[in-house]
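Engineer: Just to be clear, the model below is a prediction. Sequence and coordinates:
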Amino acid sequence: MIRLLMRDLILALRAGGGFGLGLGFFLILVTLVPFGVGPDSERLSAIAPGVLWVGALLACLLSLDRIFALDYEDGSLDLLATAPVPLEGLVAMKALAHWITTGLPLVVAAPMLGVLLHLDGAAYTWLIVTLLIGTPALSFIGAFGAAITVGLKRGGLLMSLLVLPLYIPTLIFGAEVVRRGAQGFDVMTPLLMQGGISAGAIALLPFAAAAAIRISLR
Amino acid sequence: MSILSVTNLSIARGGIPVLEGLNFAVGTGEVLVLRGPNGAGKTTLLRTLAGLQPPLSGTVTCADDAVAYAAHADGLKSTLTAAENLKFWAGVYGGGDIEPALKAFDLAALADRLAGNLSAGQKRRLGLARLLVTGRPVWILDEPTVSLDAASVALFAAAVANHIAQGGALIVATHIDLGFDAQVLDVAPFRADPQVMSGAFDEAFL
Amino acid sequence: MASLWEWANPRKFMTWTDKALPVISIFAAVLFLAGLIWGFFFTPDDYRQGATVKIFYIHVPSAMIAINAWLMMLIASLIWLIRRHHVSVLAAKAAAPVGMVMTLIALASGAIWGKPMWGTYWEWDPRLTSFLILFLFYVGYLALWEAIEDPDTAADLTSVLCLVGSVFAVLSRYAVNFWNQGLHQGASLSLDKAENVADVFWYPALVALAGFVLLFLALVLLRTRTEIRARRLHAIEMRERVQG
């Protein structure tokens, strides 16, 4: 198991852009927003939680289709499916690797980008907390989407179409916590809901994704 | 003593039965060579034996942890070195030293080269070396000698001979003669009758 | 004792739907038209909403069908995954576009109703938003069907997607509720009659609803028959290719 994780991390490092690409995309996205809505700091501060969350979500989406597609193309997925590793474990490790290479850098970078958007001071803690809780769900849901489209020729675009609606609850609760945190309201309910979604996604989606991979390999 | 046996097996590709009524067994120290024209269903049969695909009907009896499968694609990562690729698979299959495998396929000099920089034949050798680190008794190989030169084929034959001598077994689809005693199974006579379509998904619609 | 499942054998399904479909279609047409005509022309205007209330006879039934079509797809997908009845999954595939169009009708009629009532075509109200999300789920489901060549694989993968999608659809519903409390009125039609709108509105609404349900049933049966025929054609083509 741990070998699978290490392999994916090394591959992401060697291929270059594994860590940087999503992060760069996130930066550009957040930079573009003020150009679109104007430099008014009050307005930016109001939309900052949402923009940061949507940005993180899209940055996550960017690298999803590589989770299984590369292994599918070079035949590794066939070999891994016949190897003594449960496919569910493989999915979980791949999702974890995706989170480490994409989700975690976003968590680290988001507060800095929050400065650009005049994010309210009280919200920084909650931004980090929700991203930390929420981005694993994004990776696991994404791994499911990647698994279901793995054998398809033009899977990338279709995968976005399938995955984005599944991201809605995570996005809503994540951005809600940050927004409430910024205004000093109670954040416990949405935070717990988001935690529940993440826990559920991590626990259950590897099974659905593994089933999808088995079907695709058939 | 058979390690892998097949009773009354029918297999389908894309909802259409390709082979039916297959019965055979492979025991320790035995080699089974599958022959048949392109598209006869050899690859489908091998994938079924490896457990990647469910049979249409019939059974494949084989211990869970007996089979190592190698297909047309080698499953190599071009940004890892040859040794790293092999180490990864050795780890997945529970350890094992990669040195003998590198030596058996004459890859020791290439161990630190990135797999992406290897030639097609070298990649193939690396892909076959993976079989040695799996420690699995039954090798299921699909056209293993493609893009190998004569010397490499000899290396492969030697590796197989060694594997057989240690009580392993081999099921291989190949067109060349590897030069040892083998049962030969020509799959052509088992071709499924397209009129019957027994058990196939689409049969219900005809 | 014949099993219930035998009705799902493609050949048997074709036989009985061949007889049942015309009957269902006629009933659907009659009830659909009767409900709408009754509702549009023979009910009084609402004292508060005026004539605009009449769009209710399209809006509410289509919204109910939109949700229940997905529920039906979920059940059909489960039957396929568990019992592998071919017709089941084809019925799910057949229901998806119908459900999607019903969602669209519910959204469009809601928007038209919303303009005079709330002064806006679109409001990020939880119910409206949920329907928009439901629409996205339908689009994704159908897109996945279109993208996969092998019908067997497509059936399996779309069923898995339908299963996972259902969970997330419910989650989204709660999330959206939480996110915005909304200005949509509560459900005005339920079987518990005490909470309902007055009888004069209720009876034509029930007729219209029955019409929509039968319309849905007829469309799904018709589309399932088409899907079965398409599969039969596919099977024949494949066989001919094998025979060379």
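Structural biologist: Arrived safely. A quick note: this is a predicted structure, and the numbers were derived from the prediction, not measured.

Engineer: how about stretch B:15-24, does it get close to chain A?
Structural biologist: No: using CB under 8 Å from any CB of the partner chain, we find that stretch B:15-24 stays clear of chain A, coming within 10.9 Å at best. Every C-beta, even on glycine, is put in place using the N, C-alpha and C of the backbone.

Engineer: can you give me the helices in the chain?
Structural biologist: No chain in the question, so chain A it is. Per DSSP state H, chain A carries helices over the ranges A:2-15, A:20-37, A:41-62, A:66-73, A:76-82, A:87-98, A:104-116, A:123-148, A:155-183, A:188-217.

Engineer: that's the wrong chain, I meant chain B
Structural biologist: B:42-49, B:82-92, B:99-104, B:120-134, B:150-165.

Engineer: Show me the shaky parts of chain A.
Structural biologist: Scanning chain A with the threshold set as pLDDT under 70 gives A:16-18.

Engineer: And the residue in it sticking out farthest from the centre, how far from C:L142?
Structural biologist: For chain A, the C-alpha farthest from the mean C-alpha position belongs to A:D40; by CA atoms, centre = their mean, that distance is 29.4 Å. In this view, A:D40 and C:L142 are 41 Å apart by CB to CB, to the nearest Å.

Engineer: ditto for A:G121
Structural biologist: 46 Å.

Engineer: For these two, indicate the residue with more neighbours.
Structural biologist: C:L142 (16 against 9; other CB atoms under 10 Å in any protein chain shown).

Engineer: how far does the helix or strand hosting that one sit from the chain's center?
Structural biologist: Assigned by DSSP states H and E, C:L142 belongs to helix C:126-147. Taking the mean of its C-alpha atoms, helix C:126-147 sits 12 Å from the chain's own mean (CA atoms, centre = their mean, to the nearest Å).

Engineer: by how many degrees do it and helix A:123-148 diverge?
Structural biologist: 30 degrees (axes from the mean of the first three to the mean of the last three CA atoms, to 10 degrees).

Engineer: and whichever helix or strand comes after helix C:126-147, what other elements does it pack with?
Structural biologist: Along the chain past helix C:126-147, the next helix or strand (assigned with DSSP H and E) turns out to be helix C:151-179. Judged by 3 or more CB pairs under 8 Å, 6 or more residues apart in numbering or on different chains; DSSP states H and E, helix C:151-179 is in contact with helix A:123-148, helix A:155-183, helix A:188-217, helix C:56-83, helix C:86-118, helix C:126-147.

Engineer: May I see the buried residues of helix C:151-179?
Structural biologist: C:151-162, C:164-169, C:171-173, C:175-176, C:178-179 (16 or more other CB atoms under 10 Å in any protein chain shown).

Engineer: Can you lay out the helices of chain B as JSON lines showing distance to A:A12?
Structural biologist: Output for the helices of chain B, formatted as JSON lines (distance: least, CB to CB, whole Å):
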{"stretch": "helix B:42-49", "distance to A:A12": "29"}
{"stretch": "helix B:82-92", "distance to A:A12": "14"}
{"stretch": "helix B:99-104", "distance to A:A12": "26"}
{"stretch": "helix B:120-134", "distance to A:A12": "22"}
{"stretch": "helix B:150-165", "distance to A:A12": "32"}
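
Engineer: Turn those into CSV, including distance to chain C, mean neighbour count and mean pLDDT.
Structural biologist: CSV is the format used below for the helices of chain B (distance: least, CB to the nearest CB, whole Å; neighbours: other CB atoms under 10 Å in any protein chain shown; pLDDT from 0 to 100):
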stretch, distance to chain C, mean neighbour count, mean pLDDT
helix B:42-49, 13, 23, 88
helix B:82-92, 26, 23, 86
helix B:99-104, 35, 18, 83
helix B:120-134, 27, 23, 87
helix B:150-165, 34, 16, 86
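
Engineer: Out of these, flag the one nearest chain A.
Structural biologist: helix B:82-92 (4.1 Å; CB to the nearest CB).

Engineer: any idea how far the residue nearest the centre of chain B is from B:A159?
Structural biologist: Nearest to the mean C-alpha position of chain B, by CA atoms, centre = their mean, lies B:L141 at 1.7 Å. As judged by CB to CB, B:L141 and B:A159 stand 11 Å apart.

Engineer: Give me the common contacts of those two.
Structural biologist: B:128, B:131 (CB atoms under 8 Å, 6 or more residues apart in numbering or on different chains).

Engineer: Contact partners for whatever residue of chain A ends up closest to chain B?
Structural biologist: Closest contact between chain A and chain B, by CB to the nearest CB, is at A:G75 (2.6 Å). The neighbourhood of A:G75, defined by CB under 8 Å, 6+ apart, consists of B:71-75.

Engineer: So which of those reach chain A?
Structural biologist: Applying CB under 8 Å from any CB to these, those adjacent to chain A are B:71-75.

Engineer: What is the nearest of these to B:F190?
Structural biologist: Nearest to B:F190 out of those is B:A71 (CB to CB; 21.2 Å).

Engineer: if I pick the closest one, what's in contact with it?
Structural biologist: Here B:A71 is in contact with A:75, A:78-79, B:43, B:46-47, B:142 (CB under 8 Å, 6+ apart).

Engineer: Tell me how far it lies from B:A173.
Structural biologist: The value you get for B:A71 to B:A173, if CB to CB is used, is 10 Å.

Engineer: what residues do the two have in common as contacts?
Structural biologist: With CB under 8 Å, 6+ apart, B:A71 and B:A173 have common neighbours B:43, B:46, B:142.

Engineer: what about B:V60, how many neighbours?
Structural biologist: B:V60: 19 neighbours (other CB under 10 Å).

Engineer: oh, I was asking about A:M188
Structural biologist: When neighbours are counted by other CB under 10 Å, A:M188 comes out with 10.

Engineer: again with the one 10 residues further on
Structural biologist: If you count neighbours by other CB under 10 Å, A:S198 ends up with 23.

Engineer: for A:S76, same thing?
Structural biologist: Neighbours of A:S76 (other CB under 10 Å): 22.

Engineer: can you pull the contacts of it?
Structural biologist: Going by CB under 8 Å, 6+ apart, the list of residues near A:S76 reads A:70, B:75-77.

Engineer: circling back: among the contacts of A:G75, which one sits closest to A:H98?
Structural biologist: B:G75 (19.9 Å).

Engineer: thought that closest one was touching B:G127?
Structural biologist: Yes: at 6.9 Å, B:G75 counts as touching B:G127 under the criterion of CB atoms under 8 Å.

Engineer: For chain A, which residues are neighbours of chain C?
Structural biologist: A:144, A:148-149, A:151-152, A:154-155, A:158, A:161-162, A:164-166, A:168-169, A:172-173, A:176, A:189-190, A:193, A:197, A:205, A:208, A:211-212, A:215-216, A:218.

Engineer: Filter those down to the buried ones.
Structural biologist: So, by 16+ other CB under 10 Å, the buried ones in the residues of chain A next to chain C are A:144, A:148-149, A:151-152, A:155, A:158, A:161-162, A:164-166, A:168-169, A:172-173, A:176, A:190, A:193, A:197, A:205, A:208, A:211-212, A:215-216, A:218.

Engineer: For chain A, give me its nearest residue in chain B.
Structural biologist: B:A73 (2.6 Å).

Engineer: how much space between the closest residue to that residue other than its chain neighbours and C:P10?
Structural biologist: Distances taken as CB to CB, 6 or more residues apart in numbering or on different chains place A:G75 nearest to B:A73, at 2.6 Å, with adjacent residues excluded. Going from A:G75 to C:P10 by CB to CB gives 36 Å.

Engineer: Looking at chain C, which helix is longest?
Structural biologist: helix C:199-243.

Engineer: Could you pull up the residues touching the closest residue to B:T61 other than its chain neighbours?
Structural biologist: Distance criterion CB to CB, 6+ apart; nearest residue to B:T61, sequence neighbours excluded, is B:S5 at 4.8 Å. Counting by CB under 8 Å, 6+ apart, B:S5 touches B:24-26, B:60-62.

Engineer: Good, we can wrap up now.
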